[in-house]
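1. Okay, predicted coordinates and the sequence, questions at the end:
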Amino acid sequence: MKNHKCTCPGRSDKIFCPKCSDLRMTILLKNGNDKLKYQRANGQLSNPVWYSHLKYNGKDAYKTAEKMVERVRKDPVYGSAANVLLFFANGNRNFPIKKVVL
């Protein structure tokens, strides 16, 4: 069974971690929502990325993804701005394991 605590320095009290979480969700936004994108160090805009809660590590990825979809739909900012959600196994950015069109 996977560890439900983050082992990264300085993040042991967090509920999700970019390195330790099982799932990575990219939120593709509708046109006109560039204000919600993150600006990289080189000035480019990127879609927001959310990570699964550590307590769901080792559980069924599709059920965890459904919980993340519910969180996005309930979010006051991203709920109406999200167009597509892409889910990846953390560390693999080439092949999404699930795609949800909102």
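-> Received, thanks.
2. which is the next helix or strand following the helix ranked longest in the chain?
-> In the chain, assigned by DSSP state H, the helix with the most residues is helix 61-74. Next in sequence after helix 61-74, counting helices and strands by DSSP states H and E, comes helix 78-81.
3. where along this structure do the strands fall?
-> 23-29, 38-39, 45-46, 49-51, 82-89, 98-101 (DSSP state E).
4. For the nearest residue to residue 28 once chain neighbours are set aside, which residues count as its bridge partners?
-> Nearest residue to residue 28 in three dimensions, chain neighbours excluded: residue 84, at 4.1 Å (CB to CB, 6 or more residues apart in numbering). For the C-beta atoms, the positions are set from N, CA and C on the backbone; glycine is no exception. Beta-bridge partners for residue 84, by DSSP bridges, are residue 28, residue 101.
5. What separation is there between residue 84 and residue 96?
-> Note on residue 84: its distance to residue 96, by CB to CB, to the nearest Å, is 10 Å.
6. neighbours around residue 27, how many?
-> 22 (other CB atoms under 10 Å).
7. show me what contacts it?
-> 47-50, 72, 78, 82, 85 (CB atoms under 8 Å, 6 or more residues apart in numbering).
8. let's see 10 Å
-> The contact partners of residue 27, by CB atoms under 10 Å, 6 or more residues apart in numbering, come to 33, 36-37, 47-50, 68, 72, 75, 78, 81-86, 102.
9. Going by neighbour count, which of those are buried?
-> Among these, those scoring as buried are 33, 36, 47-48, 50, 68, 72, 78, 81-82, 85-86, 102 (criterion: 16 or more other CB atoms under 10 Å).
10. Report the two of those separated the most.
-> 33 and 68 (18.9 Å; CB to CB).
11. quick one on the thing from earlier: with distance to residue 27 and pLDDT added, can I get the buried ones among the contacts of residue 27 in CSV?
-> Listed next are those as CSV, based on distance: CB to CB, whole Å; pLDDT from 0 to 100:
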residue, distance to residue 27, pLDDT
33, 10, 95
36, 8, 96
47, 6, 96
48, 5, 96
50, 7, 95
68, 10, 96
72, 7, 97
78, 6, 96
81, 8, 96
82, 5, 96
85, 6, 97
86, 8, 97
102, 9, 90
